[in-house]
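what follows is a protein structure lacking sequence information:
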């Protein structure tokens, strides 16, 4: 038995025996016990979360996942499912709960990486959990179809994790989040049984919606091993513009106008504050201001058309002319080449990276009803200024979804560590503002470890109780992703 | 205590006491005990299901529903939630299970009929369960917005029932079914507590998706008392066409072409067999053949545009010209006035009614992957011919959703009752065909009483077990809609 020592407790004989059987399931080369081999699975990107695991297991099939969960459930071993390890709330990293000395294993789904089938005419494909988002996009593209989910981490994040966290990204406005793009799932439940729910139907009213219960449950109710995904026609034409606006009310007015004119042809409506764009152009090489007019807010708009010769750029020009005439927009530019479109998108995509150049940052991924975004930003700015005078909000996000990445960069003169010690106080206060506006404390990143305490603080006791009953019903031994969400 | 006698059992003193307290909650005038007063709530439209109830209760508020469920849960009284009593599978009618002598009450949500708020800019509204679908459409229209769900029963069906059954209808192709149109819910759970889930957020990844668990659970997990619904921009222009096609492969090819050209601008793609159209024009006054060319299949297409001056009719003409050139379409007509559009829609909307003129009918509401519709119709026709030679399939439905209303009309010379006695044999055999094609035995009508046995026959034991665990977790005393779904 070669499992490494857990971080807190001696492993009992029964647990050791179960771990040895788990090694047998995947084979020794795919049961990582050495800390050095495990490291990539136990630390997340930003270094915010690290964990310990008795084993990191790399099964290659649904049958192996099933066998592993059956053993874990019998022996009471915690299971942390992991995809591309790109989650931002620590859901994919083992967490030791005080008083719980059961060992935990990480189950990496990376080797379940087959595209099982693609039905171009039917507009569906079935992919395994370990297929990366970029690979899924390519599989669709190869048959002339679009899989529209798009995230900054798409080269490494995996479909299983994308669905377990109901990921969002920049395509949500027109196509919906991960939940809206899944027709069916294959899931291994806590007892090791397989739920064969890989339906490819647009309509199916036969019983409870198990699919949507597993989606977004962050690995606490079951392990997603494969999914049937929706494919869409590829747009024939796309237009991308960047606009400067005088205030958030104008951003809101422009959004309403764009939605009324383009409806589902409006495939992106992203916003950035002037300070965000300042960081992007100063700290990320290759970016420059796309418009000459300075303004407090900037918007990236994308229109798509499915009919060739539809002149998407002309439609965009008409929209912007109307918005300028009505005073919503001060200045704007429309990309005239694919290279220019990419350059405009790059400004938006550089927003997270750009913050690294200014020291510490306290981040919030929140949402409010679209009509209340201006109200939220004003109230949150006042709250932040009260807690940490001269801290600098970096405000950007998916305006059309009501989803604000409200990240606060430290005051220029402050020590980074001193600033980061304000994390709990500041996020608590910003989340209070969110609660007062009927918003969500996690729009697209999930709960994981990071927001577990806040979940209990901001959800009603009745909702927590309903969630707990479902958890107990589907995972009676509590082996699935312990210490996450609930 | 004025509750009427139940149909099978003497009511115990404890149950009688509980029923009396329920009368007190709503007041005697809204606690119907006389059979004559109850009749409208205990018989469904087509006379397929009738039931008995100790009381029909008509609460006027969420608080009253809460009080009623609290009493029912304590005393073990079955609760049948009811909206507009338009369900087609008997879910809204009390059903007595053998060996269960607990009384049942119907809770009608009709008096919870307020539109609580409409946010035109934010694109949301909050309505109570008893608001009819037509009233909800009107509330949206009054502020210049669209609530796109549309059903034949929209003047009487209610939002609570629409969500409890995840209703579909003709707008699903572009806007999704009821599930896709709900942002949040208010639900009274079995213990009488209220889950305040009336969120109006486009993105919210904070814990399990309770909303989608209640939607489509047909009143077996909780009673929906209000919903936050999505509103959409109203189309600026609409074009409607009717086309004659040589075979189902051509229908499929036309659908793919229309989807590629119009994408989400394709707001309806409905199909009807020649025999369906024959019945519609012979039995429903005011209908006539819209095209001169006879063909085995007909399609109604609707294109919508959100930009005025977009010339939706010209886009439709282009689509049909291409389809004719490629041999998919034999003949077609495009409506040139609103009156003509309505006349074309009326052909499709008359399909159910038209069958009444030809005697008995055995109905199936099924779905398959869109690419397999032709395969399904061929196999189902062969199956029906084997079971009842000369029976006449009436095939129509929401082609773009893979949803076929496969209804079988009796042979012209057969006795109606003799034909209807084949119901179980025929639906069982047609559902076997559906199972072999990875389809659904209930695309949009739900399970209710009608398909409860077939659910156990066609779902895996693992799926039934997961559903049962959730049912037991949320309704441990089994009071919610007994004998339905599970």
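Cool, the structure landed. The shown structure was predicted, so the numbers you read here are calculated from the model rather than taken from an experiment.

is the nearest residue to residue A:256 once chain neighbours are set aside in a helix, a strand, or coil?
Of all residues beyond its chain neighbours, the one nearest residue A:256 is residue B:121 (6.2 Å), with distances taken as Cβ to Cβ, 6 or more residues apart in numbering or on different chains. For the C-beta atoms, the positions are set from N, CA and C on the backbone; glycine is no exception. Three-state assignment for residue B:121 (DSSP: H, G, I helix; E, B strand; the rest coil): coil.

what about residue B:121, distance to residue A:313?
Separation of residue B:121 from residue A:313 (Cβ to Cβ, to the nearest Å) stands at 28 Å.

domain-wise, how is chain A divided?
Domain assignment for chain A by automatic domain parsing gives A:11-111, A:115-233, A:237-352, A:359-462.

need these in TSV (columns: mean pLDDT).
Below are these laid out as TSV (pLDDT from 0 to 100):
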stretch	mean pLDDT
domain A:11-111	96
domain A:115-233	96
domain A:237-352	94
domain A:359-462	96
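
right, and residue A:120 touches residue A:147 too?
No: here residue A:120 does not reach residue A:147: they are 11.7 Å apart, not a contact under Cβ atoms under 8 Å.

the two - which one has more neighbours?
Relative neighbour count places residue A:147 above the other of residue A:120 and residue A:147, with 23 against 15, counting by other Cβ atoms under 10 Å in any protein chain shown.

what helix or strand is the closest residue to the more buried one other than its chain neighbours on?
Counting by Cβ to Cβ, 6+ apart, residue A:147 lies nearest to residue A:140, which is 3.9 Å off, once chain neighbours are set aside. Using DSSP states H and E, the secondary-structure element containing residue A:140 is helix A:133-141.

packing partners for that helix?
The contact analysis (3 or more Cβ pairs under 8 Å, 6 or more residues apart in numbering or on different chains; DSSP states H and E) places helix A:133-141 against strand A:115-119, strand A:124-128, helix A:159-164.

and after it, which helix or strand comes next?
Counting by DSSP H and E, what follows helix A:133-141 is strand A:145-146.

is that following strand positioned near chain B?
No: when contact is scored as Cβ under 8 Å from any Cβ of the partner chain, no part of strand A:145-146 falls within range of chain B; the minimum is 9.8 Å.

can you give the strand pairings for that strand, parallel or anti for each?
In the sheet containing strand A:145-146, its partner strands are strand A:232-233 (antiparallel), by DSSP bridges.

and chain B, is stretch A:431-445 touching that?
Yes: using Cβ under 8 Å from any Cβ, we find that stretch A:431-445 touches chain B at A:438-445.

name the nearest of the residues you listed relative to residue A:368.
The shortest separation between residue A:368 and any of these is 3.8 Å, and it belongs to residue A:439 (by Cβ to Cβ).

okay, now that closest one: neighbour count?
When neighbours are defined as other Cβ under 10 Å, residue A:439 has 25 of them.

got the phi and psi for the closest residue to it other than its chain neighbours?
Taking Cβ to Cβ, 6+ apart, and ignoring the residues beside it in sequence, residue A:439 has residue A:368 as its nearest neighbour in space, at 3.8 Å. In this entry, residue A:368 is assigned phi and psi values of phi -140, psi 160 (degrees, to the nearest 10).

check the gap between the residue nearest the centre of chain A and chain B for me.
With distances taken as Cα atoms, centre = their mean, chain A has residue A:167 as the residue nearest its mean C-alpha position (3.7 Å). Going from residue A:167 to chain B by Cβ to the nearest Cβ, to the nearest Å gives 8 Å.
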